[in-house]
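Engineer: pasting the structure only:
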């Protein structure tokens with residue numbers, strides 16, 4: 001009778017795949033690819049399958065590389081936080097050298113994939129990696145202003161799709177960038193509010209005032225208002241060929257008001273529960289806005 005294979009060997013491919021998803025932050029990377037595809041859909045009259053594949057592969061690879069570099073740099077800090085201590089590096093399932101190799105390979109794959117679309121797309125994609133890993137990550141332990149730097153690579157994907165489709169940068173992709181840029185602040189600050197105690201274990205103080213106080217909550221509300229205004233700018237006909245109907249702008253405004261409601265709740269009670277509701281509402285908001293933009297363009 002043949003003896004069964006050791007469970008550890010059978011599980012090895014699954015564990016490697018799980019760690020790859022963790023080191024690249026797969027869910028985040030997929031959401032970034034979704035944003036890029038939305039930007040692409042706004043710029044084209046017909047879809048080119050090869051371009052879509054290059055955009056998906058390149059987008060995922062560069063986001064994955066950014067996250068891998070981030071985890072290499074913050075390996076020791078991740079070990080201090082409950083949220084991150086089971087990641088592959090602090091848990092000892094992956095070496096720093098292996099993670100760095102993954103990051104470099106993904107940078108190469110991502111850069112070449114986007115370069116095959118056009119050089120501008122590749123340059124914006126690689127710029128996002130440099131800003132995220134080289135500037136934002138080191139600043140996180142030094143100043144809350146790191147969030148402003150981090151919002152730049154975080155806002156690139158929506159505009160990246162437009163640049164990938166047109167090989168040009170102008171008012172249209174610039175507007176898409178601003179839509180996602182201003183959204184970053186209430187989204188990330190709500191997340192930072194929820195995780196503030198854990199972040200402090202790792203030496204991060206990312207809320208605007210470094211505290212879960214009224215001023216931080218008020219600033220979140222201010223940026224929600226800016227987010228709402230920027231999202232409907234195309235309805236006024238000042239953003240080139242990027243337009244938005246009154247109906248679409250109205251729906252987007254309602255979605256923004258929902259976020260504002262949760263922002264007010266956070267301002268009033270300053271609880272983690274309110275921050276979580278705002279964070280979840282923000283995740284729905286940006287995806288819904290991108291879908292509405294695309295539907296308004298194609299229907």
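Structural biologist: Yep, it's here. Note that the coordinates shown come from a computational prediction; the quantities given were computed from them, not determined experimentally. Residues are numbered from 1 along each chain as shown.
Engineer: all contacts plus neighbour counts: C-alpha atoms, from now on.
Structural biologist: Will do.
Engineer: buried set for stretch 219-226?
Structural biologist: Going by neighbour count (16 or more other C-alpha atoms under 10 Å), the buried part of stretch 219-226 is 219, 220, 221, 223, 224, 225.
Engineer: which residues touch the first one?
Structural biologist: Translated: residue 219. Contact partners of residue 219, counting by C-alpha atoms under 8 Å, 6 or more residues apart in numbering, are residue 208.
Engineer: thinking again about what came up before, just the ones in helices from the buried residues of stretch 219-226, please.
Structural biologist: Judged by DSSP state H, those include 219, 220, 221, 223, 224, 225 as members of helices.
Engineer: could you single out the nearest of those to residue 122?
Structural biologist: Ranked by distance to residue 122 (C-alpha to C-alpha), those are led by residue 223 at 29.9 Å.
Engineer: confidence score at the closest one?
Structural biologist: pLDDT recorded at residue 223 is 97.
Engineer: so where is the protein shaky, pLDDT-wise?
Structural biologist: 1-15 (pLDDT under 70).
Engineer: domain parsing for it?
Structural biologist: Annotated domains of the chain cover 12-169, 170-299 [automatic domain parsing].
Engineer: quick one on the thing from earlier: which of the buried residues of stretch 219-226 lies closest to residue 125?
Structural biologist: Looking across the buried residues of stretch 219-226 and measuring by C-alpha to C-alpha, the closest to residue 125 is residue 223, at 25.6 Å.
Engineer: residue contacts, the closest one?
Structural biologist: Counting by C-alpha under 8 Å, 6+ apart, residue 223 touches 182, 183, 185, 186.
Engineer: didn't the second one look like it was pressed against residue 230?
Structural biologist: What that stands for is residue 183. No: Residue 183 lies out of contact with residue 230 (C-alpha atoms under 8 Å); the separation is 9.4 Å.
Engineer: quick one: which of those two has more around it?
Structural biologist: residue 183 (25 against 18; other C-alpha atoms under 10 Å).
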